[in-house]
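[1] After the sequence you'll find the predicted model.
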Amino acid sequence: MDRTRAIDELGKVLLDAGARADWALLGRAVGELAPRLRALAAGRPWTDAERAALEQLRGAHASAAQAVAAASAQLQARMDEMLANKEGWMAYALADDNDTGSTQR
């Protein structure tokens, strides 16, 4: 496989995993990124086409990082909401336990 196509494939995996919120795949892809790029870089300088592919890869990486940041912010907002409502949920759960106990007698 030529290097440009290999670089394009790396970017495609990053974009696809980020778009699908497949964090396990994205984590593996990011972990493999540096070793694979080092292997591709070994032996000869990058051509202009390969440098362009590397720029696209950089953009794919940035896009995946934005997807992670957005998902993280969404999760943080949900956790904050849950924390803010914790006392209410606990009171509701305790009230439900009391109701359940009284119907079983």
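    That came through fine. Numbering: from 1, shown residues only.
[2] pLDDT averaged over the helix or strand hosting Ala19 - what is it?
    Secondary-structure assignment from DSSP states H and E places Ala19 in helix 3-20. Mean pLDDT, computed over helix 3-20, is 97.
[3] and what of stretch 56-63?
    Stretch 56-63 comes out at a mean pLDDT of 98.
[4] Quick check: buried residues in that stretch?
    By neighbour count on 16 or more other C-beta atoms under 10 Å, the buried set for stretch 56-63 is 56-57, 60-61. C-beta here means a position set from N, CA and C on the backbone, and glycine is covered the same way.
[5] Can you give the distance of that stretch from its chain's centre?
    From the chain centre to the centre of stretch 56-63 is a distance of 13 Å (C-alpha atoms, centre = their mean, to the nearest Å).
[6] Then stretch 39-53?
    27 Å.
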